[in-house]
Each structure stands twice: as C-alpha cells, then as structure tokens.
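structure, please.
(4 chains)
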2 protein chains.
Amino acid sequence: MEKFIHVLKRTKLFAGVGEEDITAMLSCLGARLCTYKKGEYVLRQGERLDDILLLAEGSLHIQRDDYWGNRSILGHIEVGEIFGEAYVAPESGTLLNDVVALTDCSVFFFDVKRIITTCSSACRFHTMVVQNLFFAISERNRGLVQKLGYMSRRTTREKLIAYLSEEAKRQNSAYITIPFNRQQLADYLSVDRSAMSNELSKMRDDGLLEFEKNCFRLR
Amino acid sequence: MEKFIHVLKRTKLFAGVGEEDITAMLSCLGARLCTYKKGEYVLRQGERLDDILLLAEGSLHIQRDDYWGNRSILGHIEVGEIFGEAYVAPESGTLLNDVVALTDCSVFFFDVKRIITTCSSACRFHTMVVQNLFFAISERNRGLVQKLGYMSRRTTREKLIAYLSEEAKRQNSAYITIPFNRQQLADYLSVDRSAMSNELSKMRDDGLLEFEKNCFRLR
DNA sequence: CCCTTTCCGTTGTAAATACAACTGAATTGT
DNA sequence: ACAATTCAGTTGTATTTACAACGGAAAGGG
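Numbering: from 1, shown residues only, chains lettered A, B, ... in the order given. So this is what the prediction gives:
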C-alpha cells in the first residue's frame, strides 16, 4: 500500500492531508488494496457493496451489457478517482453496473462506515477527508447530470457536439484526447458505432472538426 | 419556518433528529425559507449556488430548455427531497439546469459550509445530519445512474419499459402513478411526445400495459 | 516476419423517430 | 355555462438511426 501513498496524496479524497497522515489514516479507514488484470471484473452488476473504491493504478470502465449484448458505458475512471460511491447508503440495493479493468489495476477499498463515523481525536484529518468525500460525490453527481445532458440530445451529431465541446471546455483546449475508441464512444453516447463513424465523417466534411484516432480538433 | 418542522422531521436529511433539535439546528445551519408561485423559477441555469435546498411544500421540476425550445426534464422533486446538492463543491461552476415550481412552493436554503463544518458540541445531532446528507447525495447519485439507464435505451418502447418497470419496482406495485403528463414524460425520456403516445398505444395493443392519464398498469 | 485480431470507415436497407397538422376530450377561467 | 386553453391520440412524410456486411489499415502475438 505504501507504494501508492504518493498517488493518494494527489487525489481529491485526500486533498490537504500530508503523506504521514495518510499512512496513519489507511488503517484507521480500514483500507484494503486489490489488484486486477486487464479485462477482469472489479465489481459485477447485482453484487452488494459496502465500500468506497479508489483507483490507484490503471483505468476502468463502468458499464452494463443488456440481454442482447448491447453495451452501455456509464463512465471512465482514471487514477485517483473514486467509484462505487452511489451505493454507500443503507438500503441502496445491488449494483446497477459492472466495473471492468481496461488495463492492469490496483484498487483501494475503504470501509464506508469507518469513513463517515469520524473517530474524533485519533486522526486529526478525518474530518477533512469526510468533507473531501462529500465534495467528490457531489462532483460525480454533477458529472452524471452533464452526461444526461449529452444523452438527452436527439441526434448522434448533437450528442457528439455536446460531448466533445464539453470535453474541450474541461480540457481547456480545442485539441482534445478522449479516453474512448470508436466503439467505446458509441457505447458511451448510446448510439450505433457505424452511424456515429458516418456522422463524424459528415461533420468533418462540414468543417466542424478534424480527428485522428481518439484525438479531435474542434473548430 | 416552525410551520414546517413536522415536514423536516420526516425528511432523509433530518432522519433521527427530534423536533426540538431540528428547531435548534435551523439557526445553526443558517436556514432560510423562500416561497415561490406556480411557474416561478427557483433557480436558473447559469446561476451560482452555495446552498443545499430542501423542498418543504409543493413540487418542482429540474429541467433545461435549449435554443430551439426543446425541453429536457432531469427530474421531479417532491416534498422532503433535497436538490442543488451537485453544486456544493468549490469550483463546481454554474447551474446546468433550471428549477421550476410546478405548484406554489416553499423551499429551505441551507448554507453548505455550515452543514459540513460540524460545530462540535453546539448541536449534538449535527454529525448525524452530515451523514444523512452524505447518504442523500449518494442516493441521488444512484437515481441519476438509473435515469441514465433509461436514457441509454435505443427505442422509445425500451425507454418506456425501463422507466415504468423501475417505477413499478420502486412503488412496489403493478399499478403505478407517475408525476408527469404525456409531454413531461416525453421530455423526461427525451423522446417525441406524439411518437411516444403512438408507442404507448401499440404497447397497449400488444397487451404490455394499460393506462389512463398518468396511471399505468403493467402486465 | 507472418498471422490473427482489432479498429474504423463505408454502404445499403429496414426500422424507428421527429415534426407538423389535426381531432376530440378534458380542464380552466370568468 | 361558455369560451379558451391544455391535453392526448392519430396520421403522413421526411429525416435519422440500427443493423449487417465488407475491406483496408493498424496493432498485437508468437
């Protein structure tokens, strides 16, 4: 676990907490570290979850496959991000999505009860972590609202524009790199891959954007 | 404000807190109460927000209209629910949606900073409220994931089935009442109203469901 | 280096949707 | 009670999408 202290230090969850204090808190928070190979499932739809997870290494997709094999990608998780936070409330039921390792991964599991039950004096930064977690969930919440914004568009072109322009704003540049290949982007926006590819070509012909692989340039 | 103490008592935010304690906490949390007439905007897209809001009376829609007048309804808020929780983190930017009063409303505003900065001894239930808020945001989060589940369906029929069957599960009955009229349901699911009306008729012909106004019966 | 697999753009066709227009029923306001 | 407005279902047409199939390029594995 010590290997990842420097990673934890830069996460939103541990913002403002020093390395020594993080080390102390790991046991206080009941942290466990698990590793997964590329392609393995970190969590499966239908399971129960009593932990908040934090990705220490690698990258993940939160996704769901329906009976007919249609995949829907809810989101992409990178190093330092938390996930599973939607299921911490009592009676929150079972997971609605799978979480799959895109590359080899290391994942911290934190016992939720031990986080939100502040242990008063023992670790002085506990309160700060609770606030950080609060903000992190709130932010994720806003991210979901934003994704709902893309999804509520009626046409593939509108969805693409909504997503790419939001991404450009976030990355603060007209050149953007996205964490999806074509199939994944299609699954993320819930559209057909070939239709999307087609639409991207039309948009390029219309002078709206340029692209190569997963790099886009908006105009 | 005292008028609504009995409402607050039954909210998730104040779960486990007695009436007298709630009264004491209202000032501790910097609570303000505002009223709105039917059709008025409680919040507007683009505004900034430093409070968490709780609906004490009436009902609300969280929605957004685009340049062409297409309305997208993100959610429906009923008495006792909180909203605005997605914008409490520092640097969360401006509101992505409007919040509109469907009926005359009363809304509590709570200063976020004063909630999450626990005032130790002063009010003994403060920690519990922080935990409740934590759970409430987490639950909202899960609700958004669920809505993304409906939205990721490709056809109007699939969206309707996903929404209605989830609602049936939630209301624990095959007879369900939804908080939308046809236009609102279409805006909620991001589909065309007339196409949806058409699809509903076909689904009735196929024996999947019956309906009258905003009451549905699934088979 | 070769073979296999994945990735991505293209095309054609069937299906689904958006949009506009119209109807009658229900609701609201005066 | 009447007029005005909202609401819901229906229809037709133009647009858009889903699906399947294909081929070439690129990437990955031995």
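
going forward, measure contacts and count neighbours with C-alpha atoms only.
OK.

I'd like to know how many residues surround the closest residue to residue A:93 other than its chain neighbours.
For residue A:93, the nearest residue in space outside its immediate sequence neighbours is residue A:48; the separation is 6.9 Å by CA to CA, 6 or more residues apart in numbering or on different chains. Burial measure for residue A:48: 16 neighbouring residues, criterion other CA atoms under 10 Å in any protein chain shown.

specify the local secondary structure of residue A:48.
For residue A:48, the secondary structure call by DSSP: H, G, I helix; E, B strand; the rest coil comes out as coil.

also residue A:110?
The assignment at residue A:110 comes out as strand when based on three-state DSSP.

check residue A:76 too.
Under three-state DSSP, residue A:76 falls in the strand class.

now do the longest helix seen in chain A: which elements does it pack against?
In terms of residue count, the longest helix belonging to chain A (DSSP state H) is helix A:126-151. When contacts are defined as 3 or more CA pairs under 8 Å, 6 or more residues apart in numbering or on different chains; DSSP states H and E, helix A:126-151 sits against helix A:112-116, helix A:156-171, helix B:126-151.

which of those sits most buried?
With neighbours taken as mean count of other CA atoms under 10 Å in any protein chain shown, those reach their highest mean count in helix B:126-151, at a mean of 21.

give me the distance between the two termini of stretch A:204-215.
End-to-end distance of stretch A:204-215: 13 Å, with CA to CA, to the nearest Å as the criterion.

for that stretch, what is the average pLDDT?
Average pLDDT, stretch A:204-215: 91.

now look at that stretch and say if it contacts DNA strand D.
No. Interface with DNA strand D: stretch A:204-215 contributes nothing (CA under 7 Å from any atom of the strand), its closest point being 8.7 Å away.

look at residue A:193 and say how many residues are nearby.
Neighbourhood size, residue A:193 [other CA under 10 Å]: 16.

identify the spatial nearest neighbour of it, chain neighbours not counted.
Nearest-residue entry for residue A:193: residue A:186, 5.1 Å, with adjacent residues in sequence omitted and distances by CA to CA, 6+ apart.

mind pulling up the pLDDT for the one you found?
Per-residue pLDDT puts residue A:186 at 95.

so it versus residue B:97, what's the distance?
Relative to residue B:97, residue A:186 is positioned 25 Å away (criterion: CA to CA).

tell me the contacts of residue A:88?
Applying CA atoms under 8 Å, 6 or more residues apart in numbering or on different chains, one finds that residue A:88 lies in contact with A:49, A:50, A:51, A:52, A:112, B:135, B:138.

among those, which two are most distant?
Comparing all pairs in those by CA to CA, the longest separation belongs to A:49 and B:135, at 14.1 Å.

need the contact list for residue A:140.
Under the criterion of CA under 8 Å, 6+ apart, the contact list for residue A:140 reads B:86, B:141.

if I've got this straight, residue A:154 is in a strand?
No. Read with three-state DSSP, residue A:154 is coil and lies in no strand.

count the neighbours of it for me.
Other residues within reach of residue A:154, judged by other CA under 10 Å, total 13.

please apply the same query to residue A:78.
The local packing count at residue A:78 equals 15, with neighbours defined by other CA under 10 Å.

now swap in residue A:3 and tell me
By other CA under 10 Å, the residues close to residue A:3 number 8.

show me the domain layout of chain A.
Domain assignment for chain A, taken from automatic domain parsing, gives A:2-149, A:153-218.

of these, flag the one that's most buried.
Of the domains of chain A, the one with the most neighbours on average (mean count of other CA under 10 Å) is domain A:2-149, at a mean of 18.

is DNA strand C contacted by it?
No. Domain A:2-149 lies out of reach of DNA strand C by CA under 7 Å from any atom of the strand, never closer than 10.2 Å.

mean confidence for that domain?
90.

which other helices and strands contact the host helix or strand of residue A:55?
Under the criterion DSSP states H and E, the helix or strand holding residue A:55 is strand A:51-57. In this structure, strand A:51-57 packs against strand A:82-83, strand A:105-111, with contacts taken as 3+ CA pairs under 8 Å, 6+ apart.

mind checking which of the ones you listed is nearest DNA strand D?
Of all the helices and strands packed on strand A:51-57, strand A:105-111 sits nearest to DNA strand D, with 15.9 Å by CA to the nearest atom of the strand.

quick one, the closest one and strand A:51-57 angle?
Angle of strand A:105-111 versus strand A:51-57, following axes from the mean of the first three to the mean of the last three CA atoms, to 10 degrees, is 150 degrees.

what are the pairing partners of strand A:105-111, and which direction each?
In its sheet, strand A:105-111 lies beside strand A:32-36 (antiparallel), strand A:51-57 (antiparallel), with partners assigned from DSSP bridges.

check the offset of that strand from the chain's centre.
14 Å (CA atoms, centre = their mean, to the nearest Å).

hang on, the earlier thing: could you dump the contacts of residue A:88 to CSV with distance to residue A:129?
Formatted as CSV, the entries for those read as follows, by distance: CA to CA, whole Å:
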residue, distance to residue A:129
A:49, 20
A:50, 18
A:51, 15
A:52, 13
A:112, 12
B:135, 16
B:138, 16
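
closest to DNA strand D out of those?
When the contacts of residue A:88 are compared for distance to DNA strand D (CA to the nearest atom of the strand), residue B:138 wins out at 29.9 Å.

ok, the spatially most central residue of chain A to residue A:202 distance?
Here the mean C-alpha position of chain A is nearest to the C-alpha of residue A:77 (CA atoms, centre = their mean), at a distance of 3.0 Å. Using CA to CA, one gets 30 Å for the distance from residue A:77 to residue A:202.

who's in contact with stretch A:168-181?
Here stretch A:168-181 makes contact (CA under 8 Å, 6+ apart) with A:76, A:167, A:213, A:214, A:215, A:216, A:217, A:218, A:219.

of the residues you listed, which belong to strands?
Counting by DSSP state E, the part of the contacts of stretch A:168-181 found in strands is A:76, A:215, A:216, A:217, A:218.

apart from its chain neighbours, what residue comes closest to the last one?
Spelled out, that is residue A:218. Residue nearest to residue A:218 in three dimensions, not counting chain neighbours: residue A:209, with 4.5 Å by CA to CA, 6+ apart.

what's opposite residue A:212 in the beta bridge?
According to DSSP bridges, residue A:215 are recorded as the beta-bridge partners of residue A:212.

for residue A:57, same thing?
Applying DSSP bridges, one finds that residue A:57 bridges with residue A:106.

swap in residue A:101?
Once the bridges are assigned, which here means DSSP bridges, residue A:101 pairs with residue A:60.

isn't it right up against residue A:40?
Yes. Proximity of residue A:101 to residue A:40 meets the contact threshold set by CA atoms under 8 Å, at 5.5 Å.
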